[in-house]
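Student: Pasted the sequence and its predicted model underneath.
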There are 8 protein chains.
Amino acid sequence: MWTVYLSGEIHTDWRDQIKAGAKELGLEIEFTSANTDHDSSDAAGDHLGAEDKAFWRDHKSAKVNAMRIKNLIEQADFAVIRFGDKYKQWNAAFDAGYCAALDVPYITLHDESIIHPLKEVDAAAMAWAQTPQQVVETLRYITQA
Amino acid sequence: MWTVYLSGEIHTDWRDQIKAGAKELGLEIEFTSANTDHDSSDAAGDHLGAEDKAFWRDHKSAKVNAMRIKNLIEQADFAVIRFGDKYKQWNAAFDAGYCAALDVPYITLHDESIIHPLKEVDAAAMAWAQTPQQVVETLRYITQA
Amino acid sequence: MWTVYLSGEIHTDWRDQIKAGAKELGLEIEFTSANTDHDSSDAAGDHLGAEDKAFWRDHKSAKVNAMRIKNLIEQADFAVIRFGDKYKQWNAAFDAGYCAALDVPYITLHDESIIHPLKEVDAAAMAWAQTPQQVVETLRYITQA
Amino acid sequence: MWTVYLSGEIHTDWRDQIKAGAKELGLEIEFTSANTDHDSSDAAGDHLGAEDKAFWRDHKSAKVNAMRIKNLIEQADFAVIRFGDKYKQWNAAFDAGYCAALDVPYITLHDESIIHPLKEVDAAAMAWAQTPQQVVETLRYITQA
Amino acid sequence: MWTVYLSGEIHTDWRDQIKAGAKELGLEIEFTSANTDHDSSDAAGDHLGAEDKAFWRDHKSAKVNAMRIKNLIEQADFAVIRFGDKYKQWNAAFDAGYCAALDVPYITLHDESIIHPLKEVDAAAMAWAQTPQQVVETLRYITQA
Amino acid sequence: MWTVYLSGEIHTDWRDQIKAGAKELGLEIEFTSANTDHDSSDAAGDHLGAEDKAFWRDHKSAKVNAMRIKNLIEQADFAVIRFGDKYKQWNAAFDAGYCAALDVPYITLHDESIIHPLKEVDAAAMAWAQTPQQVVETLRYITQA
Amino acid sequence: MWTVYLSGEIHTDWRDQIKAGAKELGLEIEFTSANTDHDSSDAAGDHLGAEDKAFWRDHKSAKVNAMRIKNLIEQADFAVIRFGDKYKQWNAAFDAGYCAALDVPYITLHDESIIHPLKEVDAAAMAWAQTPQQVVETLRYITQA
Amino acid sequence: MWTVYLSGEIHTDWRDQIKAGAKELGLEIEFTSANTDHDSSDAAGDHLGAEDKAFWRDHKSAKVNAMRIKNLIEQADFAVIRFGDKYKQWNAAFDAGYCAALDVPYITLHDESIIHPLKEVDAAAMAWAQTPQQVVETLRYITQA
């Protein structure tokens, strides 16, 4: 049984495509990820008390999310990190740096159009995929070789 | 003597402002950073042979740069990571994640306008500064307290 | 399945409230803790021979307890550290420092009245809760997100 | 040359006594410590912007202080941790736990009256001293043996 | 249950001999290894896009393989590293160095004729076997003693 | 379920007494140890080829044994290290040093007569027991508290 | 000041070329390496007593050499690993694996003709150079950027 | 400059012989060791208060000594561990285990008569010397190769 952490973009269905592809092939993989619901993720710390400043509301929520993310990344055999065409996605790049420092190997998943700004992230990656199907094939190979 | 790694934006003079401020105060700090010249950074691997594909040219250059960056981050007592208003700056977020995983404390330096997309990066930071002057004051306090 | 270490105050029923709340929500969490019986904890080393000096009796018992505590903290995905209004509770702050150095994320649980003396402990925490119910909600979010 | 971190109580002159004693004996020891000025320590983060809530003001200051403390503890060959008769001193116990987890050996310095609440902290210590003079003698022995 | 990583030569049936021998003795050992099919191993990265240069094709495939190898070596209780009489086998020596640095104990399996060029690899090994049968006997002893 | 490594003396039945005592109390503990048969332990490497010199025969056997010991110590929650009145028992003291450096807590088990030569080993121990019954009681306390 | 470990081939003057090139450019680099004299390296353990078997003579010498190599690799900021066209050079590949596991970045230096057998070694490298001049240019860039 | 820790026997002049030999050859080595004066070592903790029980007097002194030993071993490039023909010398074997777990390479120095009881200690050593002169020659080789 392998564990794969899926990090990054939450506005397309890439996670579902990978999970479906892995299921179809019968791969023994447990997929994990952060909370992928944007609104509830932003509100992760709200139950700990209201904040007037946006900075502290974000701070509290990000730290609650981090307790989940940190554990799941450290337990992962490797990660897939997805960069889409919207938003800043600094959290995805942060996860990549975190994986790199912990020696958790990761695959990046992104279009050709953003090769240049992602060069540092890709340089520390073990593979670059352009489609979820390529990721699935990579997972099949790694876990069944 | 303290060592501080300066990561991120290379298109404004924030590094110079911090160095000048620290010098004026007589702080015993050695500042380090990646190559901050955009063109020569992109060409860091060119002497190792030409590449047809943009991906591999970037890959080679990013890895040559990483040999420098990795060593300097690991030798730093802490880091300052700057996010500006241009470009993707995924390398800065990557450095932040790398620092976080290695327990190298870091200060972020950015405007209020990008609090939300930087919430994960700020949540793992030890301080958020909005101006180079605030960074200098933080450095003064930490190294002279 | 997640593992959560519960550290600190042993004179109120906060552990039971958290366990009951987690059970009610069906959370898959194993809770661990040091021996919470004050008298038997103080006597943990007595079977190894009597001591005339209070220091050595305490020393022996604390070390026997530490064999349990150290293992459970290191196995925990995160910890909850409770500070009440009685006693010195230096062992709770010690556990917090131990968690911080090992990168085991922790949540503090304490009243607003002791924010100031706990500032270093809270600064290294991932969340501050004021009630067991807030802890339960945090656990629900982290483990089910 | 040895490096010794002095942690804890800031309201008596125990640090000065130890430094004077070491100097008199010509010991080659560099002593380090957190900012020991109570007011400026509490205000360490004020230059990063005002806060309405006590919690966040403390939080910011404690994190700025932590950047100094973390580096100095990790660079120390060992630490002396002092518990006095005032205040909660949870930061001292936190430092002790931090040292213990990082295998930085430490000596506690406290009166006999607080043996019991400090049993966990003492159990992980390498020595318990009751006077600064005993600490100086221990330093002499360790660094000159 | 023990886990043993089998590294090196893929052109003889030494892995099968060891597995069969362990099975016959009823040893509770899970054997792992890289993809041992030469052609598919060389093609491990082909599904991520064609490359004109041999260097990059090899690079991509080797990195995909490394995601598997790295995880399996780190999970192994110990390794067996086989050197045959064909090919350069630098990957086997690389695995040996990787094991040595991570303190994963390993047994080498090779003929007497290559003692001299393997002296560094053997010096860091825990045993040198000349036949698969000797490896099986070593496994029996270690796991059943 | 806890795992306890039993190291040291192989000429009395202290292991059996501890196992029996733990079983009687229904403790959920898995006990592990090196090969405790003196002759087969000395011959652990013989199947790898005969040696003329005593040094190399011992060397080969000790390394084969070390593959087992290293894994079991690293997997242990804590260890019990027994010193009897016969032989040099340097391997037991070696195991103690190994545990100390890896932060695997250990209990020593020995008579009062050898307190002085064992002072360094005891100083790094978490408890000193004089009888197997005291060890059993310590195990009961740690694993059931 | 940077430290660079030079590993591998000892039969050509690549080390001298790199040192000369670095000196000419005034680079602040300390170069280290194993003993590069073949005969004295093979005899490194001879003063510890004669051996009848080639295996043990090699074993003793390789271990004496390893005390030097291990320390120098761990102290290096990065390494250059050279593969020539003679001998097995398993020690060079072993050093590469050792560096990879310790996160010491390395540059490989070899001809195009051995790309394929070196694919695993190159996949973990930060750069591949074909000439000592390219290595010098890489060193200049990394240390002066 | 290399640092070598000298551990073990304090009743013969082996340390002086090694230091003199290294000096004669002009080796750049700093030698360190525990307090080698038996009586003052046993009394290392006496200034911290008298003890009635031999166990606690030894305990306190051993821990004070350990603060010195731990630091010096961790700073050493390698160690020499001497076993003589008197006393139990469990502290020397303990130091060997400590070095082994921390990957500090060590040379053992002992007569042929105690090969068998030292087999585990020798199996983890990088060299076995029978005379101080052999140690000096080894030091010369390692530090000047």
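Tutor: Great, that's in hand.
Student: list the buried ones in the longest strand anywhere in chain A?
Tutor: Taking DSSP state E as the criterion, chain A has its longest strand at strand A:2-8. For strand A:2-8, the neighbour count (16 or more other Cβ atoms under 10 Å in any protein chain shown) marks A:2, A:4-8 as buried. Every C-beta, even on glycine, is put in place using the N, C-alpha and C of the backbone.
Student: could I get those as JSON lines with distance to chain F?
Tutor: Below are the buried residues of strand A:2-8 laid out as JSON lines (distance: Cβ to the nearest Cβ, whole Å):
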{"residue": "A:2", "distance to chain F": "22"}
{"residue": "A:4", "distance to chain F": "25"}
{"residue": "A:5", "distance to chain F": "25"}
{"residue": "A:6", "distance to chain F": "30"}
{"residue": "A:7", "distance to chain F": "30"}
{"residue": "A:8", "distance to chain F": "35"}
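Student: before we move on, which element is the residue of chain A found nearest chain D in?
Tutor: As assessed by Cβ to the nearest Cβ, chain D sits closest to residue A:56 within chain A, at 6.0 Å. When secondary structure is defined by DSSP states H and E, residue A:56 falls within helix A:54-75.
Student: wait, does the helix or strand following that helix contact chain G?
Tutor: Next along the chain after helix A:54-75, taking DSSP H and E as the criterion, comes strand A:78-82. No. Under the criterion of Cβ under 8 Å from any Cβ of the partner chain, strand A:78-82 makes no contact with chain G; the nearest approach is 15.0 Å.
Student: what pLDDT, on average, does stretch A:37-51 get?
Tutor: Over the span of stretch A:37-51, the pLDDT mean works out to 97.
Student: which helices and strands does the longest strand of chain A pack with?
Tutor: The contact analysis (3 or more Cβ pairs under 8 Å, 6 or more residues apart in numbering or on different chains; DSSP states H and E) places strand A:2-8 against strand A:29-33, helix A:54-75, strand A:78-82, helix A:90-102, helix A:132-144.
Student: Please export the C-alpha coordinates of that strand as CSV.
Tutor: Extracted as CSV, the C-alpha positions of strand A:2-8 are listed here (Å, rounded to 0.1, in the frame of the first residue of the first chain):
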residue,chain,number,x,y,z
TRP,A,2,1.3,3.4,-1.1
THR,A,3,0.3,6.8,0.2
VAL,A,4,0.2,9.8,-2.2
TYR,A,5,-0.4,13.4,-1.1
LEU,A,6,-2.3,15.5,-3.7
SER,A,7,-1.4,19.2,-3.3
GLY,A,8,-2.5,22.4,-5.1
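Student: got the residues of chain A near chain E?
Tutor: A:2, A:77-78, A:103, A:105, A:107, A:126-130, A:134, A:137-138, A:141-143, A:145.
Student: Filter those residues down to the buried ones.
Tutor: Applying 16+ other Cβ under 10 Å to those flags A:2, A:77-78, A:105, A:107, A:126-129, A:134, A:137-138, A:141-143, A:145 as buried.
Student: Pick out the residue of chain A closest to chain B.
Tutor: residue A:97 (2.7 Å).
Student: With adjacent residues omitted, what lies nearest to that residue?
Tutor: residue B:97 (2.7 Å; Cβ to Cβ, 6 or more residues apart in numbering or on different chains).
Student: hang on, the one you found packs against residue A:92?
Tutor: No. Residue B:97 lies out of contact with residue A:92 (Cβ atoms under 8 Å); the separation is 9.5 Å.
Student: Of all the residues in the following helix or strand past the longest strand of chain A, which ones are buried?
Tutor: Proceeding N to C from strand A:2-8, the next assigned helix or strand is helix A:14-24, under DSSP H and E. Across helix A:14-24, burial judged by 16+ other Cβ under 10 Å covers A:14-15, A:18-19, A:21-22.
Student: Leaving out the residues flanking it, which one is nearest to the residue lying farthest from the centre of chain A?
Tutor: Relative to the centre of chain A, the most outlying C-alpha is that of residue A:52, 30.0 Å out, by Cα atoms, centre = their mean. Distances taken as Cβ to Cβ, 6+ apart put residue D:52 closest to residue A:52, at 6.9 Å, once the chain neighbours are dropped.
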